[in-house]
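A.B. asks: Just need the structure, nothing else, for what follows:
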Amino acid sequence: MASLVILHFDLLQREYDINFFLQALPFVSLAISVLMISGVRYIHVLNTVIEVRKPFEYLALLVFIVVFGAFTYPFSVTLLFGVYVASGVYTTVKMRLTKPAEAKAPERQALRPGEDLSWSAARPGEELPPN
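C.D. replies: Okay, here's the model as predicted:
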């Protein structure tokens with residue numbers, strides 16, 4: 001939400017007359033508040049970026065993203081947070097749509113005449129068979 005305000009004021013300084021960002025703030029704040037209390041799961045960025053060993057290509061991509069963000073500052077911050085929010089919603093929807101069917105409980109089979117029931121507990125009023 002703050003990135004939208006920063007982007008709006010940056011565009012005003014460049015003499016663009018865009019009121020879309022200010023008009024969108026109530027809806028963005030409502031959407032963010034709903035996402036905060038929902039079951040949408042988000043990745044922990046620092047754990048993903050720092051703790052796991054990555055190949056050199058990953059470092060090159062990370063440097064490219066940082067350089068891109070430095071050159072397009074207000075727009076890139078808004079885009080980055082938008083992609084982060086969308087990624088959480090996307091992964092949650094994908095996880096729920098591809099959730100495997102719950103395993104059925106195995107059906108009980110009827111006992112055949114003459115089967116040994118010594119492993120089962122006796123019903124009230126009955127005695128357990130002798131060992």
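A.B. asks: Flag every buried residue along the longest helix along the chain.
C.D. replies: If each helix of the chain is counted by residues according to DSSP state H, the longest one is helix 73-97. By neighbour count on 16 or more other CB atoms under 10 Å, the buried set for helix 73-97 is 74, 75, 76, 77, 78, 85, 92. Any C-beta I mention is one placed from the backbone N, CA and C, and that applies to glycine too.
A.B. asks: Same check on stretch 20-37?
C.D. replies: Buried residues in stretch 20-37 (16+ other CB under 10 Å): residue 21.
A.B. asks: In CSV, list the C-alpha atoms belonging to that stretch.
C.D. replies: Provided in CSV are the C-alpha atoms of stretch 20-37 (Å, rounded to 0.1, in the frame of the first residue of the first chain):
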residue,chain,number,x,y,z
PHE,A,20,-5.8,6.1,-10.1
PHE,A,21,-3.5,5.2,-7.3
LEU,A,22,-5.3,7.3,-4.7
GLN,A,23,-8.6,6.0,-5.8
ALA,A,24,-7.3,2.4,-5.6
LEU,A,25,-6.0,2.7,-2.0
PRO,A,26,-9.3,1.8,-0.2
PHE,A,27,-9.7,-1.3,-2.3
VAL,A,28,-6.0,-2.3,-1.9
SER,A,29,-6.2,-1.8,1.9
LEU,A,30,-9.3,-3.9,2.0
ALA,A,31,-7.7,-6.7,-0.1
ILE,A,32,-4.5,-6.7,1.9
SER,A,33,-6.4,-6.8,5.2
VAL,A,34,-8.5,-9.8,4.0
LEU,A,35,-5.3,-11.6,2.8
MET,A,36,-3.6,-11.0,6.2
ILE,A,37,-6.3,-12.9,8.1
